[in-house]
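K.L.:
give the three-dimensional model of this entry:
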Amino acid sequence: MSKTAQTAATDTDTDTDTDTDTDTDTDTTDNATSKNPPHYLMWFRRDLRIHDNTALAALCERAKEDNASVSAVFFLTPEQWKAHDTSLVQVDHIARTLPILAKELQSKLNITLTVQHCPSFTDCIEALTTLCNDNEISCVMANHEYEGNEIDRDEQLSKQLAKGDIEFVRWHDQCILPPQSITTNDGDSMYKVFTPFYKKWRHTLDVSTIQMHEASAVDSDYKIKLPSSQTFANTIDDIEALSEKMLSDYQQTLENNESLQHIDMTAQLDQARDAYPAGESAACQRLEAFVDDDINDYDVSRDVPHLHATSQLSAYLTIGSISPRLCYLQASKAQEKLHGNDGDNEDINRWISELAWRDFYRHVLVEKPNLIRHKAYKEDTDNKVNWSYDNDDFMTWCTGKTGVPLVDAAMRCLNATGFMHNRLRMVTAMFLTKDLLIDWRLGERYFMQQLIDGDFASNNGGWQWSASTGTDSAPYFRIMNPFSQANTHDSKALFIKTWLPELKDIPNSILHNEDKMRKELAKGGKFADVDYPAPMVEHKSARKLAIAEFKKEA
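P.N.:
As a prediction, the model looks like this:
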């Protein structure tokens, strides 16, 4: 195994003043003769699965060596989620997953999951410290999170636990290859462009062996001591009840947000629940079906929104219901089955490259932590653009009333389902940032508020790509024409007419042509009676203005 791949599998970050090797800090004789065996804790975050969960596997292995009991905890943090613009459908996906995870942990690993309502990260620090002290927990393990608030939370917790000589060990798990493992040939810096990053990423995996981490059952009958409070739950029924109560409160809070009044949140939840059954098993079944049925047509079909030909795994990857390494390995096995060592399938390679993009944006975030603070990767470019903050224009875009059929259909789909096809994310983002010159941060936030698969690194990377302010972003002069994009990727207007039924009788040749749209929807036009607005801006003129804005001197 190469050094890089080995790092991906086993690298830890210990945040206490003690060594991670418990043998150096623990009197094994005392452990063997003490009344109570050691007690360890798994802290679940965005890793809601039992298979190939790096921290969970490591903790179970250590527990077996030390004859220790193991417990697990997850914190519901609605105030923190709201501050991070986490969507209702994603919070619901987490809430639906927790009882399934609890059942799997108990039946397969003999571990009880406790779920606690802790409004903010600050509350989590206090609650976890109390949990450890009350239950004589000597080691906590978790998987790394790379965003700023999460890093600050972990650092504060580390200091708090260290006061009681409690270890806090974190493992890299979110990426196939961890941040800072893929660097330029001089070894000193992160790649600024995806293509050379991807080549080195693939080469590293080609010459390495990915290590999967499987947890083994522990010998434990420990019943964790909990305060008598309604904020705790450790049975399946109680976890369901606590999660549902939290979700209901979260929904009510969002429904009171004036800027989100156009969203039917109950209907959106129903759509998301139908589209994304919860749990690791559902995620693995979806991966298997995609590899068996759709991956061989991915390179072409992925850009046709009405086909639903993408893997639909992003929502599961975001909350950690499936391992990214498993996704890569299954795709690689499909490649070998088709071609052995004699060739490559471009469809499979294309999907693998999407997994690499996910890694890439997390690596970028670690390299540029200021991205979490609303900073652009290319600050000079961002600062010279006179971004618009016109709320009427922004809400026209949010509600899908721009008069540009593909943009409006995509936005209405997002509002109704909590999901948007990747091609359409680029088209809608570029329309907002280039045709309307509205600050990309507003669009980035709105997507996070609606997407079931919203995660900061990928969402920020995508928005800055479209706005030409990010790493390896679209050149400012390459601006997607939303009408020609519709003609190329929705030629029969099947997607458009699904979400804009008022346009069902308008020929595709008109829908895909801005000049004809304006003429036929205007007074005296053939479709003047159709309740649909004319395009809010003229694309050619908007394009010229955007290019001039990006070209000007700072």
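K.L.:
switch to C-alpha atoms for all contacts and neighbour counts from now on
P.N.:
Fine.
K.L.:
give me the nearest residue to residue 59, chain neighbours excluded.
P.N.:
Using CA to CA, 6 or more residues apart in numbering and skipping residues adjacent in sequence, the residue nearest residue 59 is residue 141, 6.6 Å away.
K.L.:
what strands flank the helix or strand hosting the one you found, and is each parallel or antiparallel?
P.N.:
For residue 141, the host element (DSSP states H and E) is strand 137-143. Applying DSSP bridges to the sheet, strand 137-143 is found paired with strand 39-43 (parallel), strand 167-171 (parallel).
K.L.:
chain center to the last one, what's the gap?
P.N.:
When C-alpha coordinates are averaged (CA atoms, centre = their mean, to the nearest Å), strand 167-171 and its chain have centres 23 Å apart.
K.L.:
tell me which helix or strand comes right after the longest helix along the chain.
P.N.:
Of all segments of type helix in the chain, defined using DSSP state H, the longest is helix 346-367. Next in sequence after helix 346-367, counting helices and strands by DSSP H and E, comes helix 379-384.
K.L.:
other residues contacting that next one?
P.N.:
Helix 379-384 is contacted by residues 376, 469, 549, 550, 552, 553, 554 when judged by CA atoms under 8 Å, 6 or more residues apart in numbering.
K.L.:
in that helix, which residues are buried?
P.N.:
Within helix 379-384, the residues that count as buried by 16 or more other CA atoms under 10 Å are 381, 382.
K.L.:
counting by contacts, list what the helix or strand following it packs against.
P.N.:
Downstream of helix 379-384, the next assigned helix or strand under DSSP H and E is helix 391-398. The contact analysis (3 or more CA pairs under 8 Å, 6 or more residues apart in numbering; DSSP states H and E) places helix 391-398 against helix 405-417.
K.L.:
restricting to C-alpha, output the helix it packs on in CSV.
P.N.:
The C-alpha trace of helix 405-417 is given here as CSV (Å, rounded to 0.1, in the frame of the first residue of the first chain):
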residue,chain,number,x,y,z
PRO,A,405,-37.9,28.2,-19.2
LEU,A,406,-35.0,26.0,-18.3
VAL,A,407,-34.0,28.2,-15.4
ASP,A,408,-37.6,28.5,-14.1
ALA,A,409,-38.2,24.7,-14.4
ALA,A,410,-35.0,24.0,-12.5
MET,A,411,-35.8,26.4,-9.7
ARG,A,412,-39.4,25.1,-9.4
CYS,A,413,-38.1,21.5,-9.3
LEU,A,414,-35.7,22.5,-6.5
ASN,A,415,-38.4,24.2,-4.5
ALA,A,416,-40.8,21.3,-4.9
THR,A,417,-38.4,18.3,-4.3
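K.L.:
circling back: only the buried residues of the longest helix of the chain, if you could.
P.N.:
346-353, 355-366.
K.L.:
residues in contact with residue 432?
P.N.:
394, 397, 438, 439, 440, 443.
K.L.:
repeat that with 10 Å
P.N.:
With contact set as CA atoms under 10 Å, 6 or more residues apart in numbering, residue 432 has these partners: 388, 393-394, 397-398, 407, 426, 438-440, 442-443, 466-467.
K.L.:
and it, how far from residue 426?
P.N.:
10 Å (CA to CA, to the nearest Å).
K.L.:
residues shared between the contacts of those two?
P.N.:
With CA under 10 Å, 6+ apart, residue 432 and residue 426 have common neighbours 466, 467.
K.L.:
related to what we said a few turns ago, what about the longest helix of the chain, distance to the chain center?
P.N.:
Per CA atoms, centre = their mean, the centroid offset for helix 346-367 relative to its chain is 13 Å.
K.L.:
so which elements touch that helix?
P.N.:
Where contact means 3 or more CA pairs under 10 Å, 6 or more residues apart in numbering; DSSP states H and E, helix 346-367 is packed against helix 194-206, helix 298-301, helix 314-319, helix 324-339, helix 456-467.
K.L.:
want to try a markdown table for those, with mean neighbour count and distance to residue 175 as columns?
P.N.:
Shown next, in a markdown table, are the helices and strands packed on helix 346-367 (neighbours: other CA atoms under 10 Å; distance: least, CA to CA, whole Å):
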| stretch | mean neighbour count | distance to residue 175 |
| --- | --- | --- |
| helix 194-206 | 16 | 11 |
| helix 298-301 | 17 | 22 |
| helix 314-319 | 23 | 10 |
| helix 324-339 | 17 | 7 |
| helix 456-467 | 24 | 12 |
